[in-house]
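Participant: Just to be clear, the model below is a prediction. Sequence and coordinates:
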Amino acid sequence: MSYDVYYSTGGGSMVYGGSDVWVNNWLREVSPKLDYPSKLLIHRRRPEGRNIEFDSPIEILWQGDDPQKFDKYMNECRRLHILHGYYTPHKLITQNQDKLSSVVIHVSVELSLKAGFQLNVPKLKHYSANPQWEGQVTKMADKVIWIGLDRIPLHDEVDVIDIPNYYEFQNNLQCNDSDVVGFAARCETRKSPHYLDGIKSMAFTDTKDWNWWRAHYKCMFENTRLYQFNYKNIHRFYGRDDWGISHSCHLNEPFGYSIFQAFDYGKLPILQMDWLKDFEYPFRAFTKEQFKHQVDNISELSVKERNDYLNGFRDYLRQYDNKQEWTDKYLEIYNS
């Protein structure tokens, strides 16, 4: 029977970052409405000792469970769609490039790899990535989809369909008076975790990556409480009332689920200069010194003043609370 393959590197209850959140949204909202028989192929080993749950009726195969069947499904499909792929070349993609109907781009590798130079950080903390592969795979695909809020260099190289992620505001909490800074993100360089060094804060992230910054950047983090990241606890962390300022100062951030969560949970964020830069917002920083200055500025605000800033920006962000529009745009691509 003819079928389409949707290729990913993760999904289900195994969530490590924004791309996994995106895949889960796709599984829940898009996959049940696909017209053509389809399979989700996850190119990795199933984690041992963990029950990974999926909210979708689509057939799912892990590459590690049956490598031969995985290859067979890839090689014999009608169309291939990359939901989230690796950032380095793989022969399963190149040998099926004639079927590659679409690829979703979740981050600009070119911009992400430049973060160390831009932030003047001597050692780059980054996942394995090849910027040439990004250009190659996007030229193979019939359709290239970008999930971010702003243009990236790729827009000047290929035709790009812009479908920004969506975020549902479900909490709409108000600010508190805490001056403690919270950080809920991965520890790659462009997220600037080192900005927390010396600041009263708490971090919800991977402890091994956190210790990389201790060893390679000589951060002490003596005023930071560290919590091991587990996605099932994300709402508990954001719902705490013992922190009130969000370290959302992430360079070249494509969309920023964690930033939207900060606004949703009433945590007034400090943003990078480039995130939705056309919206006038006073609490932005580029350097570590500027970040500390903005922490001090927010600490001087009353709760009412904090809420005025937060509510104004949150109202602007509601344009991305558009799940149905997002779903329809993808179905138009996949069902055409």
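Facilitator: It's in.
Participant: Longest helix in the chain, please.
Facilitator: Ranked by residue count and defined by DSSP state H, the top helix of the chain is helix 303-317.
Participant: Take it, keep the C-alpha atoms, and write them as PDB.
Facilitator: Output in PDB follows, covering the C-alpha atoms of helix 303-317 (Å, rounded to 0.1, in the frame of the first residue of the first chain):
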ATOM      1  CA  VAL A 303       4.000  45.000  40.900                       C
ATOM      2  CA  LYS A 304       1.500  47.300  39.000                       C
ATOM      3  CA  GLU A 305       4.300  48.600  36.800                       C
ATOM      4  CA  ARG A 306       5.500  45.100  36.100                       C
ATOM      5  CA  ASN A 307       2.000  44.100  35.100                       C
ATOM      6  CA  ASP A 308       1.600  47.100  32.800                       C
ATOM      7  CA  TYR A 309       4.700  46.000  30.800                       C
ATOM      8  CA  LEU A 310       3.800  42.300  30.800                       C
ATOM      9  CA  ASN A 311       0.100  42.700  29.800                       C
ATOM     10  CA  GLY A 312       0.900  45.100  26.900                       C
ATOM     11  CA  PHE A 313       3.400  42.600  25.400                       C
ATOM     12  CA  ARG A 314       1.300  39.600  26.100                       C
ATOM     13  CA  ASP A 315      -1.700  41.100  24.300                       C
ATOM     14  CA  TYR A 316       0.600  41.600  21.300                       C
ATOM     15  CA  LEU A 317       1.700  38.000  21.400                       C
END
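Participant: Now do it: everything it contacts.
Facilitator: Outside helix 303-317, the residues that touch it by CB atoms under 8 Å, 6 or more residues apart in numbering are 167, 169, 172, 174-177, 244, 260, 263-264, 266, 268, 276, 279, 281-283, 298, 301. In short, each C-beta sits where N, CA and C put it, glycine included.
Participant: what's near enough to touch residue 52?
Facilitator: Applying CB under 8 Å, 6+ apart to residue 52 gives the contacts 12-14, 46.
Participant: May I ask which of the residues you listed has the most neighbours?
Facilitator: Of all the contacts of residue 52, residue 12 has the most neighbours under the rule other CB atoms under 10 Å, reaching 21 neighbours.
Participant: That residue: what's it in contact with?
Facilitator: Residue 12 makes contacts with 24, 27, 52-55, 60, as judged by CB under 8 Å, 6+ apart.
Participant: Looking at it now. What's its pLDDT?
Facilitator: pLDDT for residue 12: 90.
Participant: Phi first, then psi, for it.
Facilitator: The phi/psi pair for residue 12 (degrees, to the nearest 10) reads phi 70, psi -160.
Participant: ranges for the strands of the chain?
Facilitator: Along the chain, the segments classed as strands by DSSP state E run 4-8, 38-42, 59-62, 79-82, 100-105, 143-146, 160-162, 181-183, 201-205, 224-228, 245-248, 268-272, 284-285.
Participant: Could I get the average pLDDT for the last one?
Facilitator: Right, the one you point to is strand 284-285. Here strand 284-285 scores 98 as its mean pLDDT.
Participant: Quick check: which helices or strands does that strand pack against?
Facilitator: If contacts are counted by 3 or more CB pairs under 8 Å, 6 or more residues apart in numbering; DSSP states H and E, strand 284-285 sits against strand 268-272, helix 288-299.
Participant: Looking at those, which one is packed in the most?
Facilitator: Of the helices and strands packed on strand 284-285, the one with the most neighbours on average (mean count of other CB atoms under 10 Å) is strand 268-272, at a mean of 25.
Participant: which residues are contacting that strand?
Facilitator: Contacting residues not belonging to strand 268-272 are listed as 175, 181, 244-251, 253, 259, 262-263, 281, 283-286, 291, 294-295, 298, 306, 309-310 [CB under 8 Å, 6+ apart].
Participant: repeat that for 7 Å
Facilitator: Contacting residues not belonging to strand 268-272 are listed as 175, 244-251, 253, 259, 262-263, 281, 283-286, 291, 294-295, 298, 306, 309-310 [CB atoms under 7 Å, 6 or more residues apart in numbering].
Participant: got the angle between that strand and helix 303-317?
Facilitator: For strand 268-272 against helix 303-317, the angle by axes from the mean of the first three to the mean of the last three CA atoms, to 10 degrees is 60 degrees.
Participant: can you pull the buried residues of stretch 42-61?
Facilitator: Buried residues in stretch 42-61, defined by neighbour count with 16 or more other CB atoms under 10 Å: 42-43, 46, 54, 56, 58, 60-61.
Participant: quick one: which of the contacts of residue 12 is nearest residue 239?
Facilitator: Residue 239 has its nearest neighbour among the contacts of residue 12 in residue 24, at 20.4 Å by CB to CB.
Participant: I'd say the closest one and residue 11 touch.
Facilitator: Yes - if you go by CB atoms under 7 Å, residue 24 and residue 11 touch, sitting 5.9 Å apart.
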